[in-house]
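> Sequence first, then the predicted structure:
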Amino acid sequence: MGLVLLPVLLIFVFLFLWKGEEISGKLPGCPILEHTGFYCPGCGGTRAFHALMHLRVMESAKLNLGIIAFFLLYFFFMVNTALVKKTKKAGFAGFPVTYAIFACMGVMIIQCIIRNLLL
């Protein structure tokens with residue numbers, strides 16, 4: 001599954017590096033924010049991804065911390081999987097991917113709650 005997502009991720013990275021400002025400006029806003037006035041866990045995700053692709057990590061973290069968490073998880077998962085398959089010794093053979101994904105989702109939900117309470 002991770003190898004299937006790698007080309008998709010690389011295409012998004014290329015598009016955001018090449019036409020990021022243009023793409024971000026044409027995307028529709030968050031319907032939850034528009035209708036309720038509350039931020040959803042994914043609010044700011046596109047802008048956060050764009051900032052991360054331009055190595056503006058702090059700006060990305062302010063927009064949506066979950067994007068950085070998922071990006072780091074995916075990178076760690078791909079390196080770990082390659083090590084396990086290549087060496088059979090290095091890496092974590094029983095890496096708990098499901099728990100890590102839930103942890104990233106938890107980060108996004110906590111950030112959503114804090115953002116809605118403070119803003």
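That came in fine, so what should we check first?
> which residues of this structure score low on pLDDT?
1-3, 16, 19-27, 90-91, 93 (pLDDT under 70).
> That one: helices as residue ranges?
With helices called from DSSP state H, the chain shows them at 2-26, 31-36, 45-53, 57-63, 65-87, 97-118.
> And the contacts of stretch 70-82?
Under the criterion Cβ atoms under 8 Å, 6 or more residues apart in numbering, residues G2, L5, L6, L9, L52, G91, F92, F95, V97, A100, I101, C104 lie in contact with stretch 70-82. To be clear about C-beta, it is placed using only N, CA and C from the backbone, and glycine gets the same treatment.
> Quick one: residues contacting the fourth one.
Which is L9. Y74.
> so which of the helices of the chain is the most packed in?
Ranked by mean neighbour count, those are led by helix 45-53 with a mean of 20 (mean count of other Cβ atoms under 10 Å).
> which residue packs closest to A61, ignoring adjacent ones?
Of all residues not flanking A61 in the chain, I68 sits nearest, at 5.8 Å (Cβ to Cβ, 6 or more residues apart in numbering).
> residues in contact with that neighbour?
Residues near I68 by Cβ under 8 Å, 6+ apart: A48, L52, V57, S60, A61.
> mind checking how far V57 is from P28?
Noted for V57: a distance of 26 Å to P28, by Cβ to Cβ, to the nearest Å.
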